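>>> Sequence and predicted model, in that order:
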Protein chains: 2
Amino acid sequence: MANIKEIARIAGVSVTTVSRVLNNHPYVSDIKRAAVLNTIEQLNYSRNMNAVHLITGRTGAIAVILPYINLYYFSIVMDGLAHEALNAQYRLILCQSNYAAEEELKVLEMLRNKEIDGVVIVSTALQPEVIEEYTDYGPVITCQDSGERRFSSVYIEHYEAFWDGLQYLSSKGYRKIGYCEGRQNGSSASIRQSAFRAFLSERNLPFREEWMVYDCMTEEDGAGVALSLLDMQDRPEVLIITGDHVAAGLIIEARKHGLRIPEDLAVMGFDNQPIGRLLDITTIDNHLYDMGAAAFRIIHEQIRTGSRVPVHRKLDYEIIERGTV
Amino acid sequence: MANIKEIARIAGVSVTTVSRVLNNHPYVSDIKRAAVLNTIEQLNYSRNMNAVHLITGRTGAIAVILPYINLYYFSIVMDGLAHEALNAQYRLILCQSNYAAEEELKVLEMLRNKEIDGVVIVSTALQPEVIEEYTDYGPVITCQDSGERRFSSVYIEHYEAFWDGLQYLSSKGYRKIGYCEGRQNGSSASIRQSAFRAFLSERNLPFREEWMVYDCMTEEDGAGVALSLLDMQDRPEVLIITGDHVAAGLIIEARKHGLRIPEDLAVMGFDNQPIGRLLDITTIDNHLYDMGAAAFRIIHEQIRTGSRVPVHRKLDYEIIERGTV
DNA sequence: GCTTGCTATGGAATCCATTTCATATATTAC
DNA sequence: GTAATATATGAAATGGATTCCATAGCAAGC
């Protein structure tokens, strides 16, 4: 396969000139430019980008760490990231980690090895301190609030959002509030839980362990919760559920068994998913697409400018009032 | 930043020996190995992978072309790909193309530029002939039946699957069959359409243009179809819909308006999505996860062995009988 | 007429690891 | 005791681009 040396030889110029043509540098005469272009065409030449990456120290690629690509939450964030990456002519390397720390570490090692220019961590099993050890090698951004760290972040205030949601329910007159949480893994789960407890305690509302459901991640899990509620002596009046798809599972199953929503059981979801729109589920939209897009723009800017000053961007959330509360 | 030359100098060995240690080659004495390892540790050395990629001509990365990552169909295929990639220690570069041909071409150019070792095309706007032009540069696999091409494929026989689905409906006594198709873009859409027409014609079943809906992609689109059916004088008895989420939108909206499923309107979906399980939608499962996994395994094998002989693997589908037919 | 600045070009150094080849010693085989 | 093989090591070539530096012609400014 041809290389620039050969192009140079055949076109009768130096490799420098070939490189200039390749990179649209000025200071190449029209005649030589044409000769180079012509030779490139003739030899069906294409650049070996690995050589370019080696000499420039950049790769034009950013890695994305997330646990499961087929969950709505993550696929939307990824959509936002991918859209911006396409605009910026950047490539995204997807690491679906299943929350395996050693896989996530491998990605951070790629940053160290200069295989990538930056890392976007959408959700992780790693401690912030571990991530900080890699900030010398390139920009890193997380999609959760990690406090004042040496890496950037975009996040919504889960505490505040959850609190606001509870306040909304409270304002509607509900006192007996239950709560279905998704994976316990992420940091946001525990933040929401503390918001939940603090709110109940401040408002003097009843806390019942049987109204709490953990690791409630799928539609089927939601349906299971509906079934368990049927047997319950003292049911919550409303459930706040982190994920509209889970809420949908619950609502559909509950209705099958004659429960009226919201009269017998009100439901508030999260994420503003299509299925939630369809079932008219009241929800908190935390603007996942925007989160992905913002994450990309921030890290891209940091790569471009070489700035290593961490940026922390707080994003809006939005309570969407619909028919299940 | 340190390189192997410096490691070699400080450890008092040659760069060759350092490279051997790095790559676990035999024929390094324990003493020198320890010295090298020690120096690596001390200097906090890490390999510049771009140099490795340049000299070896491999990158350990495969690109994936798909139009939208946040559609169930694609996110499941991606899940299958990502799972296998993790096992094989390969990296996936995601190109969310929105069916923009020039973006898809850029990815194929990456293959030419040696930035990646192979390309998985889940769905594309490109003609097979265009893809074939790149098969000299590395293995390519598509997730659709493209006939006997110079690139590999994994696919389900959409014609056969669709025909089977129609036969199933027919066996249940339905004669008036409608059809909601997703994006017109993919090649599979037109295959299904010809299966549909051929089936109706063979069985002497009525074809009505108003029972056909095209570009029906979202839950809301499904709901829209339900509304339009309400006004219809002569309604189909059953709808076959390419996507359970669309079917779900239709079913939920139809029920709101008093239509009984399947008595007033039967529905058959596609993809065996969670929402379909929840709503008990009869569906055709075309094993998307397996498709992604198989695609990866095939292309990975081709990269490993250097074989350029295209592989064509046909996958199973499965009619899942539930309550909407 | 001399300095300054712009355009145009190429030589050579650089990025960093892998791998071939050559060489040397140690061990095993018969 | 000699031939054959296994182990151990390093020098140098290799992969393919970018970029710094040096050089030179030519126009403009005063």
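Cool, the structure landed. Numbering: from 1, shown residues only, chains lettered A, B, ... in the order given.
>>> Tally up the residues packed near residue A:14, please.
As a burial measure, residue A:14 scores 14 neighbours (other Cβ atoms under 10 Å in any protein chain shown). (C-beta placed from N, C-alpha, C; glycine too.)
>>> neighbours of the residue in the stretch 51-200 of chain A that DNA strand D sits nearest to, just the number please.
Nearest to DNA strand D in the stretch 51-200 of chain A, going by Cβ to the nearest atom of the strand, is residue A:51, at a distance of 3.4 Å. Other residues near residue A:51 come to 18 when the count uses other Cβ under 10 Å.
>>> which non-adjacent residue is nearest it?
Excluding its sequence neighbours, the residue lying closest to residue A:51 (Cβ to Cβ, 6 or more residues apart in numbering or on different chains) is residue B:54, at 5.3 Å.
>>> Residue A:250 too?
Distances taken as Cβ to Cβ, 6+ apart place residue A:222 nearest to residue A:250, at 3.8 Å, with adjacent residues excluded.
>>> name the helices or strands packed onto the helix or strand containing that neighbour?
Per DSSP states H and E, residue A:222 falls inside helix A:219-230. Judged by 3 or more Cβ pairs under 8 Å, 6 or more residues apart in numbering or on different chains; DSSP states H and E, the packing partners of helix A:219-230 are strand A:177-180, helix A:244-256, helix B:274-278.
>>> Okay, buried residues for the first one please.
Within strand A:177-180, the residues that count as buried by 16 or more other Cβ atoms under 10 Å in any protein chain shown are A:177-180.
>>> Please apply the same query to the longest one.
Neighbour counts over helix A:244-256 (16+ other Cβ under 10 Å) mark A:244-254 as buried.
>>> now what about that helix, what contacts it?
Around helix A:244-256, the neighbours that count as contacts under Cβ atoms under 8 Å, 6 or more residues apart in numbering or on different chains are A:72, A:180, A:182, A:216-227, A:229, A:239, A:241, A:261, A:264-265, A:267-273, A:275-276, A:278-279, A:281, A:283, A:324, B:274-275, B:278-279.
>>> Helices along chain A, start to end?
Assigned by DSSP state H, the helices in chain A fall at A:4-11, A:15-22, A:30-43, A:49-56, A:72-87, A:101-112, A:128-132, A:158-171, A:187-203, A:219-230, A:244-256, A:274-278, A:288-305.
>>> Which neighbouring elements make contact with the third one?
If I follow you right, that is helix A:30-43. In terms of contacts (3+ Cβ pairs under 8 Å, 6+ apart), helix A:30-43 is packed against helix A:4-11, helix A:15-22.
>>> tell me the domain boundaries of chain A?
Following automatic domain parsing, one gets these domains for chain A: A:4-47, A:59-156+A:288-316, A:158-285.
>>> okay, those domains in CSV with distance to DNA strand D and mean pLDDT next?
Converted to CSV, these look like this (distance: least, Cβ to the nearest atom of the strand, whole Å; pLDDT from 0 to 100):
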stretch, distance to DNA strand D, mean pLDDT
domain A:4-47, 3, 94
domain A:59-156+A:288-316, 12, 95
domain A:158-285, 40, 93
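>>> Identify whichever of those lies nearest to residue B:306.
With distances scored as Cβ to Cβ, the stretch of these nearest to residue B:306 is domain A:4-47 (19.7 Å).
>>> Nearest spatial neighbour of the closest residue to DNA strand D within chain A, chain-adjacent residues omitted?
DNA strand D sits closest to residue A:3 of chain A, with a gap of 2.8 Å, by Cβ to the nearest atom of the strand. Nearest in space to residue A:3, with sequence neighbours left out and distances taken as Cβ to Cβ, 6+ apart, is residue A:48 at 7.1 Å.
>>> My understanding was that that neighbour contacts residue B:137; is that so?
No - if you go by Cβ atoms under 8 Å, residue A:48 and residue B:137 don't touch, sitting 11.6 Å apart.
>>> So for those two, which residues contact both of them?
Counting by Cβ under 8 Å, 6+ apart, the shared contacts of residue A:48 and residue B:137 are residue B:114.
>>> Can you verify my assumption that residue A:139 contacts residue A:308?
Yes - in this structure residue A:139 lies within contact range of residue A:308 using Cβ under 8 Å: 6.9 Å.
>>> higher neighbour count, these two?
Set side by side, residue A:139 and residue A:308 show more neighbours around residue A:139, with 28 against 13, by other Cβ under 10 Å.
>>> Generate TSV for the helices of chain A, with distance to residue B:42 as supplementary columns.
Compiled in TSV, those are given as follows (distance: least, Cβ to Cβ, whole Å):
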stretch	distance to residue B:42
helix A:4-11	38
helix A:15-22	37
helix A:30-43	46
helix A:49-56	25
helix A:72-87	37
helix A:101-112	16
helix A:128-132	21
helix A:158-171	42
helix A:187-203	35
helix A:219-230	50
helix A:244-256	51
helix A:274-278	55
helix A:288-305	29
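>>> Need the winner for burial among those.
Among these, ranked by average contacts under mean count of other Cβ atoms under 10 Å in any protein chain shown, first place goes to helix A:244-256 (a mean of 25).
>>> mind listing what residue A:69 touches?
Residues in contact with residue A:69 (Cβ under 8 Å, 6+ apart) are A:75, A:78, A:94, A:96, B:69, B:75, B:78-79, B:82.
>>> Just the residues contacting stretch A:271-283, thanks.
Against stretch A:271-283 from outside (Cβ under 8 Å, 6+ apart): A:72-73, A:76, A:243-245, A:247-248, A:251-252, A:266-270, A:284-286, A:288, A:318-325, B:218-220, B:223, B:245, B:248-249, B:252-253, B:275.
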